[in-house]
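Chemist: sequence below, structure please.
(2 chains)
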Amino acid sequence: MEVTAALQKLAAYERHESQKSQKLLDNASSILKSYARQGDEGWEALEKLTLAALDQGDIETADKCLKILSERFPDSARVDCLTGIRLEATESPDIALQYYDELLEGESANAAFGRRKASVYRRIGKIDQAVKELSSMLDTYYTEVDGWLELADIYSSCQQYTYALQSLSHTLLLAPQNPFHVLQFAETAYLAADIPLALKMYLQVVDMTDDDEEDVPPIDTIPTGLTLRAWFGVKLCTHRLNTEPRVGSSSASQTPAPPTTTLSSLDDLATERLRTAYLNTTQESPPKTDSALIDALAKVISKPGTT
Amino acid sequence: MSGPAVSLYLDPQIRDWVLFPITLVMILVGILRHYVVLLLQSPPKKQSRAAIREQRALVRSQILRATAANSPLPPSHYNAVSQHLADAFNTGSYLKDGPAKSDAAAAPPNPLTDPAAMDGMMAGMKTQMVMMVPQMVIMGWINFFFQGFVLIKLPFPLTLGFKSMLQRGIETPDMDVRWVSSLSWYFLNFFGLNGLYRLILGGENSADSSRDMATPFAAAAAAPQLGQAQDFSKLFKAEIDNLEFSKGLHVWVADDVETRILKKYGRAT
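Modeler: So this is what the prediction gives:
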């Protein structure tokens, strides 16, 4: 299991030029000196150092680590993947793609290579190829939740929200316990103009994330983080259902909109929740009208640290 | 029957040149066997991508079915996924060799002609051989050179029932049961050295031959079963029915989420 997790991390690698990698790279000489004495941890440290060096564009150090690693583990898919990332850093995308193609042809075919290939395609703007690569990879390795998320991300970036919803529905099947996926599903459904479905999904997130283990009844808690975002989504949905009743009947997934009485009490509840949250984060009295409240809350939510 | 005095006197040479060599040879052969088996074990063959896809297709529908009773998906999405899988199973697009031709579908693959299944059986046979040959040689060696040797005397008395166990190869009805013959010493080692191997080579060693003896053809017998389970087209056909059943069971968790939330927050009407 540990190896698959490590491979998934490698498959998802993207260049950030982060401070963390700079810090790690500053320790390069000590890591290179001491890896042999640390056993398994030492090798892992080398892998991390390679990634950090690539992140910072220090090809020389990366090559040094790669050489040690590939001598120690000649047939490892992890090292192969790392070598691929190294190729992506300096060579042209075509060479990297060719390298991944060879790996995928070979014996140790692996989901990680497919994902890396897709990310190369995506970086050079060949979205259609990336989608094709990812879908064929996921057709074989169905259980790669991250792969499905990435596919949904690609679809959303092209405004193909219906397809994104389909990919996300697979993540929901694979990890039904993860509220983040449900929230993403709800937000995508909202973008796909399937408001009744979005409303149900937002409520589902609320149901999953509010802490009902504590002694305080849920009505007295202050929604934060995911729950706040979900309430915000609920409010958006009820607001739209109230102002444009037509959207309630135009659901692509044939989800029925809630009856008017339920809808109005949901709207009341969501408004009340959002006002509580607003009052607690800004210490100001919340705006009165619906649209003003939504605007004000959007600022609160998009502020880093609250979600 | 032996009196209070020792009735037999064993030459210390027997101890030095028979008892110790037999024990030592058996230990060394066991260790050697462990390493030979390690050498013979071919790494598990990597499967082609199509084969992996075929194997995992069932997992897909199992995951879908497992969620059916408390599904995170609305009915329309669930049905779409379910329908897609059922269609794929029906046309056989997940099969390793592509959709089956209608006339050639009947016979399951014969494990003896399938090279992949043969490999599994050969591996079992090879370990069998590595076990059998040295044990036969050692037994022959003991029988040829040391037949009828009495090697040691156990320091505790035993009943007559142990006679056939401890004095194999010596046909004397009267000798005290405490005397152990060379062939019996071989068998005692054969079954008793496992603990020592575990100490030297670790728990997962393949030096112990008596374990293979207990299940002589287990490895070979497991292989054909594996071969027969691979008839995926039949499994897929069965899975279509399972998918139909689960479709009937499907309940969306979010079906009554509005009332649930309203109740939770004390706004139930």
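
Chemist: longest helix in the chain, please.
Modeler: I'll assume chain A. When chain A is parsed with DSSP state H, its longest helix is helix A:260-282.

Chemist: not quite, go with chain B.
Modeler: Max-length helix for chain B by DSSP H is helix B:115-145.

Chemist: so is the longest helix of chain A next to chain B?
Modeler: Yes - using Cβ under 8 Å from any Cβ of the partner chain, we find that helix A:260-282 touches chain B at A:261, A:262, A:265, A:266, A:268, A:269. Where C-beta positions appear, they are placed from N, C-alpha and C, glycine not excepted.

Chemist: wait, the last one sits on residue B:264?
Modeler: No - look at residue A:269 against residue B:264 with Cβ atoms under 8 Å: they stay out of range, at 9.8 Å.

Chemist: who's more crowded, these two?
Modeler: residue A:269 (23 against 17; other Cβ atoms under 10 Å in any protein chain shown).

Chemist: tell me the contacts of that one?
Modeler: B:261, B:262, B:265, B:267 (Cβ atoms under 8 Å, 6 or more residues apart in numbering or on different chains).

Chemist: show me the contact partners of the host helix or strand of residue B:14.
Modeler: Element membership of residue B:14 [criterion: DSSP states H and E] is helix B:12-14. Residues from elsewhere that reach helix B:12-14 (Cβ under 8 Å, 6+ apart): B:149, B:150, B:151.

Chemist: list the buried residues in that helix.
Modeler: In terms of neighbour count (16 or more other Cβ atoms under 10 Å in any protein chain shown), helix B:12-14 has its buried residues at residue B:14.

Chemist: do the same with stretch A:78-97
Modeler: Buried, per 16+ other Cβ under 10 Å, within stretch A:78-97: A:78-89, A:93, A:96-97.

Chemist: same question for stretch B:68-80.
Modeler: Under the neighbour-count rule (16+ other Cβ under 10 Å), stretch B:68-80 has B:68, B:71, B:72, B:73, B:74, B:75, B:76, B:77, B:78 buried.

Chemist: where in the chain is pLDDT low?
Modeler: Reading this off chain A. The model of chain A has pLDDT under 70 over residues A:1-2, A:106-109, A:211-216, A:303-307.

Chemist: to clarify, I was referring to chain B.
Modeler: B:1-6, B:42-47, B:98-118, B:120, B:207-230, B:268-269.

Chemist: would you map the strands across it?
Modeler: B:150-153, B:179-181 (DSSP state E).

Chemist: okay, the ones you listed, which one's buried deepest?
Modeler: strand B:179-181 (a mean of 22; mean count of other Cβ atoms under 10 Å in any protein chain shown).

Chemist: quickly run through the sheet partners of that strand, with directions.
Modeler: strand B:150-153 (antiparallel) (DSSP bridges).

Chemist: could you dump the partner strand to PDB, C-alpha only?
Modeler: C-alpha atoms of strand B:150-153 as PDB (Å, rounded to 0.1, in the frame of the first residue of the first chain):
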ATOM      1  CA  VAL B 150      22.300 -47.700  17.000                       C
ATOM      2  CA  LEU B 151      23.300 -44.100  17.500                       C
ATOM      3  CA  ILE B 152      22.100 -42.800  20.800                       C
ATOM      4  CA  LYS B 153      20.300 -43.700  24.000                       C
END
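
Chemist: show me the contacts for the closest residue to residue B:81 other than its chain neighbours.
Modeler: Spatial nearest neighbour of residue B:81, excluding adjacent residues (Cβ to Cβ, 6 or more residues apart in numbering or on different chains): residue B:64 at 6.0 Å. Neighbouring residues of residue B:64 by Cβ under 8 Å, 6+ apart: A:173, B:78, B:81, B:82, B:85, B:243, B:246.

Chemist: how about 10 Å then?
Modeler: Taking Cβ atoms under 10 Å, 6 or more residues apart in numbering or on different chains as the contact definition, residue B:64 lies against A:170, A:173-174, B:71, B:73, B:78, B:81-82, B:84-85, B:242-243, B:246-247, B:250.

Chemist: next step: these restricted to helices.
Modeler: Per DSSP H, helices hold the following members of the contacts of residue B:64: A:170, A:173, A:174, B:78, B:81, B:82, B:84, B:85, B:242, B:243, B:246, B:247.

Chemist: so how far is whatever helix or strand residue A:227 lives in off the chain centroid?
Modeler: Here residue A:227, judged by DSSP H and E, is contained in helix A:225-243. With Cα atoms, centre = their mean, to the nearest Å as the basis, helix A:225-243 stands 21 Å off its chain's centre.

Chemist: could you give the angle of it to helix A:260-282?
Modeler: Put simply, helix A:225-243 runs at 140 degrees to helix A:260-282, going by axes from the mean of the first three to the mean of the last three Cα atoms, to 10 degrees.

Chemist: other SSEs contacting helix A:225-243?
Modeler: helix A:179-191, helix A:195-209, helix A:260-282, helix A:290-302 (3 or more Cβ pairs under 10 Å, 6 or more residues apart in numbering or on different chains; DSSP states H and E).

Chemist: stretch A:8-20 and chain B in contact?
Modeler: No - residues of stretch A:8-20 are not located near chain B by Cβ under 10 Å from any Cβ of the partner chain, the shortest gap being 16.3 Å.

Chemist: for that stretch, buried residues please.
Modeler: Within stretch A:8-20, the residues that qualify as buried are A:8, A:9, A:10, A:11, A:13, counting by 16+ other Cβ under 10 Å.

Chemist: would you mind measuring from the last one to residue A:88?
Modeler: Distance, residue A:13 to residue A:88, using Cβ to Cβ, to the nearest Å: 9 Å.

Chemist: and if you look at residue B:55?
Modeler: Distance from residue B:55 to residue A:88, by Cβ to Cβ: 31 Å.

Chemist: likewise for residue A:233?
Modeler: Taking Cβ to Cβ, one finds residue A:233 at 37 Å from residue A:88.

Chemist: tell me the buried residues in the helix or strand harbouring residue A:134?
Modeler: Taking DSSP H and E as the criterion, residue A:134 maps to helix A:127-140. Using 16+ other Cβ under 10 Å as the test for burial, helix A:127-140 gives A:127, A:129, A:130, A:131, A:133, A:134, A:135, A:137, A:138, A:139, A:140.

Chemist: with just CA atoms, put it into CSV.
Modeler: Once non-C-alpha atoms are left out, helix A:127-140 reads as follows in CSV (Å, rounded to 0.1, in the frame of the first residue of the first chain):
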residue,chain,number,x,y,z
ILE,A,127,-6.4,18.8,-23.6
ASP,A,128,-8.1,16.2,-25.8
GLN,A,129,-5.1,14.0,-25.6
ALA,A,130,-4.9,14.4,-21.9
VAL,A,131,-8.5,13.4,-21.5
LYS,A,132,-8.1,10.4,-23.8
GLU,A,133,-5.0,9.3,-21.8
LEU,A,134,-6.7,9.7,-18.5
SER,A,135,-9.9,7.9,-19.5
SER,A,136,-8.1,5.0,-20.9
MET,A,137,-5.9,4.8,-17.8
LEU,A,138,-9.0,5.0,-15.5
ASP,A,139,-10.7,2.3,-17.6
THR,A,140,-8.0,-0.1,-16.6
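
Chemist: just checking, what packs against it?
Modeler: helix A:93-105, helix A:111-123, helix A:145-157, helix A:161-174, helix B:49-67.

Chemist: so which of the ones you listed gets nearest residue A:217?
Modeler: Nearest of the helices and strands packed on helix A:127-140 to residue A:217, taken as Cβ to Cβ: helix A:161-174 at 29.0 Å.

Chemist: just the angle between that closest one and helix A:195-209, please?
Modeler: Using the same axes, to 10 degrees: helix A:161-174 against helix A:195-209 is 30 degrees.

Chemist: and helix A:161-174, does that touch chain B?
Modeler: Yes - interface with chain B: helix A:161-174 contributes A:165, A:166, A:168, A:169, A:170, A:171, A:172, A:173, A:174 (Cβ under 10 Å from any Cβ).

Chemist: quick one: which of those is the most crowded by neighbours?
Modeler: residue A:168 (29 neighbours).

Chemist: so that residue makes contact with residue A:176?
Modeler: No - look at residue A:168 against residue A:176 with Cβ atoms under 10 Å: they stay out of range, at 12.0 Å.
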